[in-house]
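[1] below are the sequence and a predicted model; questions follow.
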Amino acid sequence: PRRPAYRPGFGSLNSGGKIPLGLKRKGLRIVVTGGAGFVGSHLVDRLIARGDSVIVVDNFFTGNKDNVMHHFRNPRFELIRHDVVEPLLLEVDQIYHLACPASPTNVVGTLNMLGLAKRVGARFLLTSTSEVYGDPLQHPQVETYWGNVNPIGVRSCYDEGKRTAETLAMDYHRGAGVEVRIARIFNTYGPRMCIDDGRVVSNFVAQALRKEPLTVYGDGKQTRSFQFVSDLVEGLMRLMEGEHVGPFNLGNPGEFTMLELAQVVQETIDPNARIEFRPNTEDDPHKRKPDITKAKDLLGWEPKVPLRKGLPMMVSDFRQRIFGDHKDNGA
Ligand code: NAD
Ligand code: UDP
Ligand code: UDP
């Protein structure tokens, strides 16, 4: 049985968490799914610091309690161990939906969180991905590009899952009037990033610190554009608070080949780090770089931290987590 539409007057429900101009801002109730993860935990820090009440919903699939432990004594913070594949009843103003393993549960979890947003009149932000562009035939990628995804490839579970999540968000927006926001996030790095999830920046940094060779896949000439996590979080918050549905590319247009990235890691950590070539994975996108004109124009957002500034901040966090005997929350 569904509960009736949420009562007006609670917080700023039914206004999608929007603050009427001129009114003093009251703390919002905000859910962050995946809030114990890398991006989510940094977002939670900002929301708590701003005075909001935050409920983190996480099943700790890839996330970690250590990332949010510093909020445990704060009465405005709650942590719920929950898999978003299961329905969830909460009363909130805004939902940042970050929970996502690379699998079809992505779709079910998104459906549930959209159902929740519809029921309580909350605004819903989806963290989609640059992977919706697949192996792009347009460069740099603009939001109007529909992408080039292999539907039966090894990466397609994640790519198509996010594409379906975007479709669901737009259907709930058009069909049920849910206020949605869609971010297409490009490769992001920073403190608290999972050390062993196989992504290129975390691999290179961990390898250089452990005096292991940096594993470059393929010829290393493929490109990515790397964004520091604080820039992303600022973009997500502007998107949530703004008036535009999106989708918006959120990424740093600074484009690097994997060999150039390896070189920056050498300069930052160990000039003598060796490079080892490995076969590349199937369907690896050849290049990726965001066109962020839309986010600049409509959100007044652009990244501030270049790779050479951001990487050292990640390195000191990784150093502590790999070698230190005490846990650090990367704040
Ligand atoms: P992450 O793995 O650190 O965070 C994801 C969090 O979601 C983890 O804490 C995990 O435990 C939780 N989670 C996973 N499945 C869940 C489930 N079924 N129920 C509840 N919690 C669940 O990853 P991240 O890098 O912080 O990414 C956050 C979001 O941003 C994801 O949606 C991801 O697809 C998107 N994104 C990230 C990047 C990037 O470069 N980091 C790029 C594009 C898109
Ligand atoms: N849902 C949820 N929390 C809520 C409201 C809905 O988890 O507060 C789930 C619900 O269980 C369903 C999904 O969201 O699986 C979609 O809900 P909706 O009401 O849009 O669709 P319906 O259930 O009517 O098909
Ligand atoms: N890559 C690499 N060495 C590694 C891990 C990844 O050269 O140890 C390459 C990978 O082939 C891809 C790029 O780095 O071309 C980015 O990979 P990642 O998994 O970090 O991000 P995504 O492919 O999802 O953009």
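    Received, thanks. Because the structure is predicted, anything quoted here is derived from the model rather than measured. Ligands and ions are numbered 1, 2, ... in the order given.

[2] quick check: Lys296 touching Pro303?
    No - between Lys296 and Pro303 there is no contact under C-beta atoms under 8 Å: 10.2 Å. Quick note: C-beta positions are derived from backbone N, CA and C, even for glycine.

[3] neighbour-wise, which of those two wins?
    The residue with more neighbours, out of Lys296 and Pro303, is Pro303; 24 against 12, by other C-beta atoms under 10 Å.

[4] for the more buried one, which residues are in contact?
    Gln227, Phe228, Asp231, Gly235, Gly251, Asn252, Pro253, Ile292 (C-beta atoms under 8 Å, 6 or more residues apart in numbering).

[5] 7 Å instead, please
    Gln227, Phe228, Asp231, Asn252 (C-beta atoms under 7 Å, 6 or more residues apart in numbering).

[6] confirm that the last one sits in a helix.
    No - following the definition DSSP: H, G, I helix; E, B strand; the rest coil, Asn252 is coil and is not counted among the residues of a helix.

[7] what's the separation between it and Ile269?
    20 Å (C-beta to C-beta, to the nearest Å).

[8] quick one on the thing from earlier: going by distance to Asp93, which of the contacts of Pro303 wins?
    The nearest member of those to Asp93, counting by C-beta to C-beta, is Asp231 at 24.6 Å.

[9] wait, that closest one touches Leu307, no?
    No - look at Asp231 against Leu307 with C-beta atoms under 7 Å: they stay out of range, at 11.3 Å.

[10] other residues contacting stretch 61-69?
    By C-beta under 7 Å, 6+ apart, the list of residues contacting stretch 61-69 reads 34-37, 40-41, 44, 56, 79, 101, 192, 194, 197, 327, 329.

[11] closest to ligand 2 out of those?
    For the contacts of stretch 61-69, the residue nearest ligand 2 by C-beta to the nearest ligand atom is Gly34; the value is 15.5 Å.

[12] excluding sequence neighbours, find me the nearest residue to the residue in the chain that ligand 2 sits nearest to.
    Closest to ligand 2 within the chain is Gly115: 2.0 Å, counting by C-beta to the nearest ligand atom. Using C-beta to C-beta, 6 or more residues apart in numbering and skipping the chain neighbours, the partner closest in space to Gly115 is Pro87 (7.2 Å).

[13] that neighbour should be in a strand, yeah?
    No - Pro87: not assigned to a strand; according to three-state DSSP it is coil.

[14] give me phi/psi at it?
    phi -60, psi 160 (degrees, to the nearest 10).

[15] looking at it, it is touching Leu114, isn't it?
    No - with contact defined as C-beta under 7 Å, Pro87 does not count as touching Leu114 (11.5 Å).

[16] quick check: the closest residue to ligand 1 within the stretch 51-200 of the chain vs Gly121, distance?
    In the stretch 51-200 of the chain, the residue that lies nearest ligand 1 is Gly63 (1.9 Å; C-beta to the nearest ligand atom). Note on Gly63: its distance to Gly121, by C-beta to C-beta, is 28 Å.

[17] great, nothing more from me.
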